[in-house]
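> Sharing a model prediction with you, sequence too.
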Amino acid sequence: MIRPAVIIGVGNVYRQDDAVGIEVVNRLRSNGVPPWVTTATSDGEPARLVELWSQTELAVVVDALNVRSPDPGAIHRIELEAVERAHGSSASSHGLGLGTAVRLARELDRLPGRLIVYAVEISEFCFGAGMSGPVSRAADHIAEHVEADLAEFLASQELMA
């Protein structure tokens, strides 16, 4: 059975800014997501990501982005075609990264119909709870963008019906 949409927050709540994906999912849940949307959190393990987005028409993934000279809170929106190039060297703060998950899903024929990734540049990912101000504000913006993505997706489905 094909599910309409899934939102996946990747992260670790005990590693400061790395919690951004999980925090976005929590904010969306508290705002109330439509019943046709599944929400999930993950540690970023590629096989788990593939399982979560398999058989969905739309998958939205929110993850922390660890770069050499970060602009904490900077948001990057990446669609499927660019994920492998952008995450091929594992810029994610979680080991193998999204590029590996996409390549695995492609090999297994388990890609979602559409994949949107929101990657947030972070600077604080030592052990501890709580995100920095810029990353927390980015989580608010991403939650708004995801709600808009869901509305756009729903409108496109209604047009095709």
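Received it, and whenever you're ready, just let me know what you need.
> Please tell me how far the nearest residue to residue 122 once chain neighbours are set aside sits from residue 64.
Using CB to CB, 6 or more residues apart in numbering and skipping residues adjacent in sequence, the residue nearest residue 122 is residue 17, 3.6 Å away. The way it works is simple: take the backbone N, C-alpha and C, and place the C-beta from them, glycine included. As for residue 17, its distance to residue 64 is 6 Å (criterion: CB to CB, to the nearest Å).
> Quick check: neighbours shared by these two?
The contact sets of residue 17 and residue 64 overlap at 120, 122, 125, 135 (CB atoms under 8 Å, 6 or more residues apart in numbering).
> Of those residues, which count as buried by neighbour count?
The neighbour count (16 or more other CB atoms under 10 Å) marks 120, 122, 125, 135 as buried among the shared contacts of residue 17 and residue 64.
> quick one on the thing from earlier: mind putting the shared contacts of residue 17 and residue 64 into TSV with secondary structure and distance to residue 97?
Putting the shared contacts of residue 17 and residue 64 into TSV (DSSP: H, G, I helix; E, B strand; the rest coil; distance: CB to CB, whole Å) gives the following:
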residue	secondary structure	distance to residue 97
120	strand	14
122	coil	14
125	coil	14
135	helix	19
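> min pLDDT across the buried ones among the shared contacts of residue 17 and residue 64, which one?
Least confident of these in the model: residue 125, at 77.
> Quick one: mean pLDDT for the longest strand anywhere in the chain?
Looking across the chain with DSSP state E, the single longest strand is strand 56-65. Across strand 56-65, pLDDT averages out at 95.
> Stretch 2-15 now?
Here the average pLDDT along stretch 2-15 is 93.
> Between the two ends of that stretch, how far is it?
34 Å (CA to CA, to the nearest Å).
> Going forward, count from 486.
Fine by me, first position is 486 from now on; the one you just mentioned is stretch 487-500.
> So which residues of this structure form strands?
Using DSSP E, strands in the chain cover 488-495, 522-527, 541-550, 560-564, 599-606.
> What about the residue nearest to residue 607, how many residues nearby?
Per other CB atoms under 10 Å, the neighbour tally for residue 502 reads 29.
> Who are the contact partners of it?
549, 557, 605, 607-610, 616-617, 620.
> Next, find the distance separating it from residue 555.
9 Å.
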